[in-house]
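Participant: Please find the sequence and the predicted model below.
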Amino acid sequence: MFLVWLFTALLILAVLTQRWWEPWAAARGFNLNAWPWRWWLLGYPRLAARMWWTWRRLAHLNNLAVSFNSHHRVIGTTVVQGTALRPRPPRLGIPKPTRTGARVQVVLHPGQTPAPFMAAAQAMEHTWRVHAVRVTSPERGRVLLTASAQDPLTGLVAASAASKERLLAVPVGKVEEGGDWLIDLRRTPHWLVTGATRSGKSTLLAALIYRLSEQPVGLVGIDCKGGMELGLFEPRLSALAVDRSEAIKVLSVLLSEVRARMATCRAAGVRSIWDLPEAERPIPFVVIVDELAELYLNEGNKESREESEQCGTLLLRLAQLGAALGVHLIIAGQRVGSDLGVRVTALRAQLGGRIAHRAHDEATAEMTLGDINPDAVTVAMTIADHEQGVAVISTGGRWTRARSSPVTPEQAAEESLRTAHLVPLLPAIHENQSGGTKGKEL
């Protein structure tokens, strides 16, 4: 009862503040909409009070309430079945404010599952007048409802500039909760990025390279579309392969480097390059593949099939061995299914980080997210055509929505030239006659 009175008082205060204080502030040139405390003073009390006042009716209308009475009654010699009266809704916790909404935990009755709450998410959005409600189950018997008062991914977003704090961990945009979208290759060594054309894959790759270019890491690009996308960063890349034959050469050199690092770790008695002294630790490399299908699809002749199989084998070997040896993969493609080749499914299983942009069909989102978090597939299918850069991220069974920050071609060219002196050169790669692959002996 105390909580009800508390939320009532906060709501009355919010209404009075909006009615009296805002006209006074506007007359004196103050922009209250830009002040961070506007949400905490006005928006959150309203949302919290609305959650509490509507919860019982919301639970009854959407079959979230449970009756402990029997659904059967015996009248004479007849058994009558019906809906028991006075069902009890599950207990709603105290709504806790977030940057863009509120988060509240629901304690389920014995026998209840999270499925009805997921089905009722749209009804909650309408009742609470919020942009979206995300339903998750962090532990058995509890459901976490995260309400977003507005879409935090609307418009263009910019990531934080602090990218030198941790090696191989860089911000590339914003997540739905309002914080930075951080891709940490030390925690999740390999990533899969999927999505339709113009959904934001290349934008994400550009943001990732743009941030990584400031760090002492090697960047290797494989762009078999003639280098049109990754060629913007060529001065910062240790190698750039623009066709399949060049990709085989680059991947072979990287696999040889991995084997050399294995020998170094074995000689030092450690299981990872991160266990080596910093002075002896080799430079990590990040391999970015733009459009995986170009490496696997073949023209049907023997030479093309052999090249396709070789690419698949090399990528799979790097994915299996590279995590502990400082070689990380970022694989992007419109779809990554078994129809591309015999080793694609095995490669996908090695890519623990998943990023799904807008897809044309559910099967593509299922390929990316289904084996890690099936609930995220439904969310990925709701990404609209105009939401370029918006994606669903899934790692370790958890998922969230995010949007990558855009990088213009001018920014890419400027950053590549500015950080070109940081390029670590791969061994055994020389400039060929076409000029596609570059590199020098260490």
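Facilitator: Cool, got the structure.
Participant: rest of the way, CA atoms for contacts and neighbours
Facilitator: Noted.
Participant: And the helices in the stretch 1-150 of the chain?
Facilitator: Listed in chain order, the helices of the stretch 1-150 of the chain (DSSP state H, counting those that start in this stretch) span 2-16, 22-27, 37-38, 44-61, 115-119, 121-128.
Participant: got the contact list for stretch 359-379?
Facilitator: Stretch 359-379 has contacts (C-alpha atoms under 8 Å, 6 or more residues apart in numbering) with 192-196, 199, 334-337, 354-356, 380-381, 392, 394-399.
Participant: ok, of the helices of the stretch 1-150 of the chain, where does mean pLDDT dip lowest?
Facilitator: Mean pLDDT per stretch puts helix 22-27 lowest among the helices of the stretch 1-150 of the chain, at a mean of 54.
Participant: related to what we said a few turns ago, write the PyMOL selection for whichever of the contacts of stretch 359-379 are buried.
Facilitator: Buried subset of the contacts of stretch 359-379, written as a PyMOL selection, criterion 16 or more other C-alpha atoms under 10 Å:
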select buried, resi 192+193+194+195+196+199+334+335+336+337+354+355+356+380+381+392+394+395+399
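Participant: Return the subset of the contacts of stretch 359-379 lying in strands.
Facilitator: In this view, the contacts of stretch 359-379 that belong to strands under DSSP state E are L192, V193, T194, R354, I355, A356, V392, S394, T395, R398, W399.
Participant: and the third one, bridged to which residues?
Facilitator: Applying DSSP bridges to T194 yields these beta-bridge partners: G333, A356.
Participant: Give me the pLDDT value at it.
Facilitator: With respect to pLDDT, T194 scores 93.
Participant: which residues sit in contact with it?
Facilitator: So T194 contacts K201, A332, G333, Q334, R335, V336, I355, A356, H357, A359, T364, T368 (C-alpha under 8 Å, 6+ apart).
Participant: ok, now the first one?
Facilitator: The neighbourhood of L192, defined by C-alpha under 8 Å, 6+ apart, consists of I330, I331, A332, R348, L351, G352, G353, R354, I355, T368.
Participant: per-domain residue ranges of the protein.
Facilitator: With domains defined by automatic domain parsing, the chain comprises 1-16+38-59+87-150, 169-422.
Participant: Which of the ones you listed comes out lowest on mean pLDDT?
Facilitator: The bottom spot among those, by mean pLDDT, belongs to domain 1-16+38-59+87-150, with a mean of 82.
Participant: thinking again about what came up before, quick one: the domains of the chain as a markdown table, columns for distance to T78 too.
Facilitator: Listed next are the domains of the chain as a markdown table, based on distance: least, C-alpha to C-alpha, whole Å:
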| stretch | distance to T78 |
| --- | --- |
| domain 1-16+38-59+87-150 | 24 |
| domain 169-422 | 44 |
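Participant: out of those domains, which comes closest to S67?
Facilitator: For the domains of the chain, the distance to S67 is smallest for domain 1-16+38-59+87-150, at 4.0 Å, taking C-alpha to C-alpha.
Participant: quick one: the closest one to chain centroid distance?
Facilitator: Distance of domain 1-16+38-59+87-150 from the chain centroid (C-alpha atoms, centre = their mean, to the nearest Å) equals 25 Å.
Participant: what's the nearest residue to the residue nearest to the spatial centre of the chain if we skip its chain neighbours?
Facilitator: The C-alpha lying nearest the average C-alpha coordinate of the chain belongs to I393 (C-alpha atoms, centre = their mean; 2.1 Å). Nearest residue to I393, sequence neighbours excluded (C-alpha to C-alpha, 6 or more residues apart in numbering): I355, at 4.6 Å.
Participant: To V66, which of the domains of the chain lies closest?
Facilitator: domain 1-16+38-59+87-150 (4.9 Å).
Participant: Three-state assignment for L340, please.
Facilitator: Three-state assignment for L340 (DSSP: H, G, I helix; E, B strand; the rest coil): coil.
Participant: got the phi/psi numbers for it?
Facilitator: Note on L340: its backbone torsions stand at phi -80, psi -40 [degrees, to the nearest 10].
Participant: next structured bit after the lengthiest helix in the chain?
Facilitator: When the chain is parsed with DSSP state H, its longest helix is helix 244-268. Next along the chain after helix 244-268, taking DSSP states H and E as the criterion, comes strand 285-290.
Participant: mind listing what that next one pairs with, with the direction of each?
Facilitator: In the sheet containing strand 285-290, the strands it pairs with under DSSP bridges are strand 218-223 (parallel), strand 327-333 (parallel).
Participant: looking at the ones you listed, which is buried most?
Facilitator: Most buried of the strands paired with strand 285-290, by mean neighbour count (mean count of other C-alpha atoms under 10 Å): strand 218-223, with a mean of 27.
Participant: Just want the angle from it to helix 244-268.
Facilitator: With axes from the mean of the first three to the mean of the last three C-alpha atoms, to 10 degrees as the basis, strand 218-223 and helix 244-268 are set at 150 degrees to each other.
Participant: Please state the offset of strand 218-223 from the chain centre?
Facilitator: Mean-position distance between strand 218-223 and its chain equals 22 Å (C-alpha atoms, centre = their mean).
Participant: Show residues contacting it.
Facilitator: By C-alpha under 8 Å, 6+ apart, the surrounding residues in contact with strand 218-223 are 209, 213, 229-230, 236-243, 247, 283-291, 423-425.
Participant: try it again with 6 Å
Facilitator: Here strand 218-223 makes contact (C-alpha atoms under 6 Å, 6 or more residues apart in numbering) with 237-242, 285-290, 424.
Participant: Out of those residues, which comes closest to G300?
Facilitator: Taking C-alpha to C-alpha as the measure, G300 lies nearest V242 of the contacts of strand 218-223, at 20.6 Å.
Participant: count of neighbours near the closest residue to R103 other than its chain neighbours?
Facilitator: Closest residue to R103 apart from its sequence neighbours, by C-alpha to C-alpha, 6+ apart: T146 at 4.4 Å. By other C-alpha atoms under 10 Å, 23 other residues sit near T146.
Participant: for P90, same thing?
Facilitator: 19.
Participant: What of A293?
Facilitator: Counted with other C-alpha under 10 Å, the neighbours of A293 add up to 21.
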